[in-house]
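*Asks:* from the sequence below, what's the structure:
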Amino acid sequence: MSIRAELLRLAMRFIFKRMDAHPDIAAIRRRLDSVKSIVPGPPKGTRAARVTAGGVPGVEVATARSRDDCHVLYLHGGGYVYGSPSHYRDFIWRIADATAARVLCIDYRLAPEHPFPAAVDDAVSAYRWLLAEGADPRRIAVMGDSAGGGLAYGMLLKLRDLGIPLPAAAVALSPWTDLALTGESLRRSDWADPMLSTAQAQVFADSYLAGADPKSPYASPLYGDPAGLPPSLIQVGSDEILLDDATRMAARLRSAGCEVALEVWPRMPHVWQLFARILPEGRRALERIGDFVRPKLAAS
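*Replies:* Numbering: from 1, shown residues only. The predicted structure is shown next:
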């Protein structure tokens, strides 16, 4: 583990572990909005355009390596209650470069104003828009981090149930797949995780579900039947509270006969890939993502 990763863990613990166990969602959004302007932008030559994908706003990003016929639908994290593509400016282009694809990152509706299933409906609408625009599902990957990772699997289950052609691959970074919060790592790693806490996860889950069944497969894909879903890569840190969400989801996929590669990275903090600008482990993780996705999109 790099010294930079250790320093990042310390910084995260200082910033996030001091937060109230019952966070003010509006205050979190204001803080995030205040730092949007300092998020580094992509390098010169990156193409970015605002789009409306099936009624859902988003941004489409491509680099010189991106193939016009290959696509990634990216679903950002934020506990279903905060986050936007603008917070991912320094990451979306890296995904586009690593996968040699065009990346569509959508600004799906957030809870508590828009509870479940609004986020799932928006993800499905954006995917259907890609198909309507002529994208070949065999050259599409879906990817997400944290809540966005769980949302990716929830979307895939709904696409399958609707009879819509599925994408060629899925990538989930520290995915939140169990909003019932039954994973043992939620208790075992509540102190060790330098960023997330179980109490905060409960607040976010309650805000998103708004009384819906926490074991609904579209909200908590861990409880769905994943038969027929595309090949998956799942990356997670070893002492995250969401470790069991990732490992149990991988086991569910395997038991259903799906191809899945699970990577548990020692001591990496939650969604460390977003810090690829400063973390060597983040850059290596992106290389692994690219090595996984590119052959899947080229296979057709």
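
*Asks:* just the strands in this protein please.
*Replies:* 47-53, 56-62, 67-75, 101-106, 140-145, 169-173, 232-237, 260-265 (DSSP state E).

*Asks:* avg pLDDT for the third one?
*Replies:* By that I understand strand 67-75. In this model, strand 67-75 has an average pLDDT of 98.

*Asks:* give me the sheet partners of that strand and which way each runs.
*Replies:* strand 101-106 (parallel), strand 140-145 (parallel) (DSSP bridges).

*Asks:* how many neighbours does the residue nearest to residue 202 when sequence neighbours are not counted have?
*Replies:* In space, and not counting its chain neighbours, residue 202 is closest to residue 181: 6.2 Å by CB to CB, 6 or more residues apart in numbering. From N, CA and C alone the C-beta is placed, and that goes for glycine too. A count of neighbours around residue 181, defined by other CB atoms under 10 Å, yields 16.

*Asks:* surely residue 181 is in contact with residue 203?
*Replies:* No: Residue 181 is beyond contact range of residue 203, at 11.0 Å (criterion: CB atoms under 8 Å).

*Asks:* contacting residues around stretch 33-44?
*Replies:* The contact list for stretch 33-44 (CB atoms under 8 Å, 6 or more residues apart in numbering) reads 48, 61, 63, 84, 86-90, 92-93, 277.

*Asks:* how about 7 Å then?
*Replies:* By CB atoms under 7 Å, 6 or more residues apart in numbering, the residues outside stretch 33-44 that reach it are 48, 61, 86-87, 89-90, 93, 277.

*Asks:* what's the answer for stretch 8-26, then?
*Replies:* For stretch 8-26, using CB under 7 Å, 6+ apart, the contacting residues are 81-82, 194-195, 197, 199-200, 203, 207, 269, 275, 279.

*Asks:* can you select the buried ones among these for me in ChimeraX?
*Replies:* In ChimeraX syntax, the buried subset of those is picked out as below (16 or more other CB atoms under 10 Å):
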select :81,82,194,195,197,200,203,207,269,275,279
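
*Asks:* report the separation between the spatially closest residue to residue 262 that is not a sequence neighbour and residue 206.
*Replies:* Distances taken as CB to CB, 6+ apart put residue 250 closest to residue 262, at 4.0 Å, once the chain neighbours are dropped. Counting by CB to CB, to the nearest Å, the separation of residue 250 from residue 206 is 26 Å.
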